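1. Need a 3D model of the following:
(2 chains)
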2 protein chains.
Amino acid sequence: MKLKDFSEDELKARQSELKAVHDQFKDARLSLDLTRGKPSAEQLDLSNDLDGILGGFFLLQDGTDVRNYGGILGIPEARQLGADVLSLQPSQVMVGGNSSLALMYNLIAHMNPVWQGQAQELNSKVKFICLVPGYDRHFTICESFDIEMINVSFLPSGPDMETIEELMVRDPMIKGIWCVPKYSNPTGHSYDDNTVKRFAELGKLAGDNFRIMWDNAYVAHHLTDKPARLRDLMALAREAGTQDTVVMFASTSKITFAGAGVSFLGTSEKNLKAFEKFLVPQIIGFDKVNQLRHVRFLKDLGNLAAHMHKHRTLLHPKFEMVQDKLQTAVGGKEIAEWTSPDGGYFISLDTLPGIASVVVELAASAGVKLTPAGATYPYGLDPENKNIRVAPTYPSLEDLEKALDVFVVCLELASLNHLLAQ
Amino acid sequence: MKLKDFSEDELKARQSELKAVHDQFKDARLSLDLTRGKPSAEQLDLSNDLDGILGGFFLLQDGTDVRNYGGILGIPEARQLGADVLSLQPSQVMVGGNSSLALMYNLIAHMNPVWQGQAQELNSKVKFICLVPGYDRHFTICESFDIEMINVSFLPSGPDMETIEELMVRDPMIKGIWCVPKYSNPTGHSYDDNTVKRFAELGKLAGDNFRIMWDNAYVAHHLTDKPARLRDLMALAREAGTQDTVVMFASTSKITFAGAGVSFLGTSEKNLKAFEKFLVPQIIGFDKVNQLRHVRFLKDLGNLAAHMHKHRTLLHPKFEMVQDKLQTAVGGKEIAEWTSPDGGYFISLDTLPGIASVVVELAASAGVKLTPAGATYPYGLDPENKNIRVAPTYPSLEDLEKALDVFVVCLELASLNHLLAQ
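-> Got it, this is the predicted structure:
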């Protein structure tokens, strides 16, 4: 039954009841954390064979000794793996260190002087479109380069392409857009064929040096038997003559070791050449030994998929439990809407407008840490103060259950407080 | 006997003789490389146990799982190792990825906006003092940030501190100085006590935000029984109240794997805090698994020194052979001066003024690649065209011998051509 259909007395009775439960949680002094999309120790265990997998063999087929200096674009075998993951040619792909974020940051650092020069000429500002809610670390990169962010909301079907296209036509200083095209962080959206096609066409509407930051962080991270199939953006861009607008990213952070994987950047050969030139002054080459470890361990797409299925086996019960808890506790009460993703690392939940931060505070006071309200928006500002990102991967199933028990109480209590105050 | 004391006829006879030898080398179609300071395969073999050393144990004493995300300053155990190497406190040290160059680049990227702002105010340019000959990659970083470089030559005793101090007093826009204080690249200088003390005092002469880029790349890389003892710059700087001017770097690139080691940055806690803030948007954390591998493998300073002794055993014969070949072939002829370093990776050789590039060309035509003449100077411009950096570490002893046979012929031939043309 919808909460708002209850009488005031009924609401107050429920409020007292939940306050008492909340007080009990406070007394229990819990310390649970649902903040970040980290893999659990059991997931990390799946890749323990990485350390020692080389067995003393450090030479590549082409004679390269991976222990020594050099090879800034990565070893050929790893570029091939990255190309397979991103559906690109190896000549379009470089392999970085343990952080795809660092590659994104550097790509922006590389482009930004050109963009800022144009902004100065037009007496304007460099702008990026940010699909919201989205990934906070994307937004932080923009902030650190003084790039203005324009929010565009997801529609139930995916990115609001019409609004994006309108913005692009109006303003040539829109120089980029952040995307997580598969199992989007945090909403779980996977872009449909038409959306990808329209992304490929964006370059035609854009000013010079526009870049689609296509962060395919969850490219192989399925949770169900309905894996999302993403249309080939680069192929469509080539048809449209916009291939230089496409920059793709992926990493093995949530495939092998979160902090010790390898990262991939894929773009046109022309862009890659320019980016390589930008990187040369700052690094002789990324860690090729770890690249070779990953090639030996992951082998190919088939083996990678089998490996990801082991992750799924560990993750699926956690996502299911969150769905069950939410459905049981607040289903039908019309105080929250949440996603049920087929992959990725998050569940995105919208509270009644204006109370996300209250829910987060109530949970914190009861020992459950949630991602700060607003974190999924540029500048940390959720204009409706309603989005909460739930990250169920890291805690044990037992801890997750406890945390959800607290969370649903906080969610309903904050909603009751809100309704009664109106 | 000095070459210039020979008669013209004698010189011409020798010229013909050497030309014939040079032609023979050309016919032999050699392919030898003395360009870069890379460790040899045998040196890399010394650290093969790194891969697999963790034996499935990934937890730190404090409970951190090194496989997961986080810990941007590095694991405590590795910060302790870096602190021992740099004679600092762990709280003053961070551990990066496989590239200390990347840390240097980022340190400059972090400071540069402040420096450029001041340059604009003063209608001036940001400037760095570069000790020459020096390390080309230091200079490339400055170039990429449009920082003007001012050459200061080494005296036989070390850096020309008087000139440096005069420059600093005259120009508040000198914002940094590059140093390799021990076994300097390429000259082999190790700074004496008085020099280090004067470095510590530079901050008193400098404008705001001056930084000493103290790249201690060869901190443990001794070649003889007379290891250089470097005075503690940070302790002296603390006394002088200039500790924020000190930024130290080191890495294990020439201790373990050149391309897959760990890097260290050490500075005041205040600076480190600001630098951490700068790094946060670009990376969640560096590779902690590899940091732990290095801690397990290198253990402590005593064990590290024992490990470096194995490198020395491999390197010493190579450096000795270069000395022997040079002494035998051109000793006493007064056509070249070269260093005989007690550590590090290079021998620095000065030809007669104006002919270094000719020697390099002659060697190249005979199949021996040398670092391009000028590479040891900012902008690749050696004003006297006389410095050549010889890197004897990478080739086998046999190849090195062949390469030196070619080199000394090219050196003498170029000198003869030069003297006869006068």
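2. What's the first helix or strand after the helix or strand hosting A:K26?
-> Assigned by DSSP states H and E, A:K26 belongs to helix A:8-28. Moving toward the C-terminus from helix A:8-28, the first helix or strand encountered (DSSP H and E) is strand A:32-34.
3. Find the least confident helix or strand in chain A, judged by mean pLDDT.
-> When the helices and strands of chain A are scored by mean pLDDT, DSSP states H and E, strand A:32-34 comes last with a mean of 91.
4. Check the offset of it from the chain's centre.
-> 18 Å (Cα atoms, centre = their mean, to the nearest Å).
5. Same check on stretch A:66-85?
-> 24 Å.
6. can you check stretch A:260-277 too?
-> Distance, stretch centre to chain centre, for stretch A:260-277: 20 Å (Cα atoms, centre = their mean).
7. Is any residue of it near chain B?
-> Yes: judged by Cβ under 8 Å from any Cβ of the partner chain, stretch A:260-277 comes into contact with chain B at A:A260. For the C-beta atoms, the positions are set from N, CA and C on the backbone; glycine is no exception.
8. How about the helix holding A:K26, which residues are buried there?
-> With burial defined by 16 or more other Cβ atoms under 10 Å in any protein chain shown, the residues of helix A:8-28 counted as buried are A:L11, A:R14, A:Q15, A:L18, A:V21, A:H22, A:F25.
9. I figured the fifth one hits A:V409, correct?
-> Yes: under the criterion of Cβ atoms under 8 Å, A:V21 makes contact with A:V409 at 5.2 Å.
10. the helices in the stretch 251-400 of chain A, which residues?
-> Along the stretch 251-400 of chain A, counting by DSSP state H, counting those that start in this stretch, helices occupy A:269-279, A:288-298, A:301-330, A:356-365, A:397-421.
11. looking at those helices, which is buried most?
-> Most buried of these by mean neighbour count (mean count of other Cβ atoms under 10 Å in any protein chain shown) is helix A:288-298; its value is a mean of 25.
12. what's the least confident helix or strand of chain A in contact with?
-> Strand A:32-34 is contacted by residues A:367-371, A:390-392, A:394-395, A:399-400, A:402-403, A:406-407 when judged by Cβ atoms under 8 Å, 6 or more residues apart in numbering or on different chains.
13. Just the closest of those to chain B, please.
-> Distance to chain B, by Cβ to the nearest Cβ, is smallest for A:Y394 among the contacts of strand A:32-34, at 8.3 Å.
14. Can you name the residues that contact that closest one?
-> Counting by Cβ under 8 Å, 6+ apart, A:Y394 touches A:D33, A:L34, A:R36, A:G37, A:K38, A:P39, A:S40.
15. Redo those as a markdown table? Include neighbour count and secondary structure.
-> Formatted as a markdown table, these follow (neighbours: other Cβ atoms under 10 Å in any protein chain shown; DSSP: H, G, I helix; E, B strand; the rest coil):
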| residue | neighbour count | secondary structure |
| --- | --- | --- |
| A:D33 | 16 | strand |
| A:L34 | 26 | strand |
| A:R36 | 19 | coil |
| A:G37 | 22 | coil |
| A:K38 | 23 | coil |
| A:P39 | 26 | coil |
| A:S40 | 20 | coil |
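16. the inter-axis angle of the helix holding A:K26 versus helix A:356-365?
-> With axes from the mean of the first three to the mean of the last three Cα atoms, to 10 degrees defining the directions, helix A:8-28 sits at 40 degrees from helix A:356-365.
17. closest to chain B among the contacts of A:Y394?
-> A:K38 (5.4 Å).
18. The closest one and A:T393 touch, don't they?
-> Yes: at 6.5 Å, A:K38 counts as touching A:T393 under the criterion of Cβ under 8 Å.
19. What sits closest to the residue of chain A found nearest chain B if chain neighbours are left out?
-> Per Cβ to the nearest Cβ, A:G52 is where chain A lies closest to chain B, at 2.8 Å. Residue nearest to A:G52 in three dimensions, not counting chain neighbours: B:G52, with 2.8 Å by Cβ to Cβ, 6 or more residues apart in numbering or on different chains.
20. Helix, strand, or coil at the one you found?
-> Three-state call for B:G52 (DSSP: H, G, I helix; E, B strand; the rest coil): coil.
21. what's the burial count for it?
-> Using other Cβ atoms under 10 Å in any protein chain shown, B:G52 has 17 neighbouring residues.
22. Could you confirm A:M149 falls within a strand?
-> Yes: counting by three-state DSSP, one finds A:M149 located in a strand.
23. Would you map the helices across the stretch 51-200 of chain A?
-> Remark: helices assigned in the stretch 51-200 of chain A by DSSP H, counting those that start in this stretch are A:76-86, A:100-121, A:136-144, A:161-170, A:193-205.
24. which secondary structure elements does the third one contact?
-> The elements that helix A:136-144 packs onto, with contact taken as 3 or more Cβ pairs under 8 Å, 6 or more residues apart in numbering or on different chains; DSSP states H and E, are helix A:100-121, strand A:127-132, strand A:148-155, strand A:174-179.
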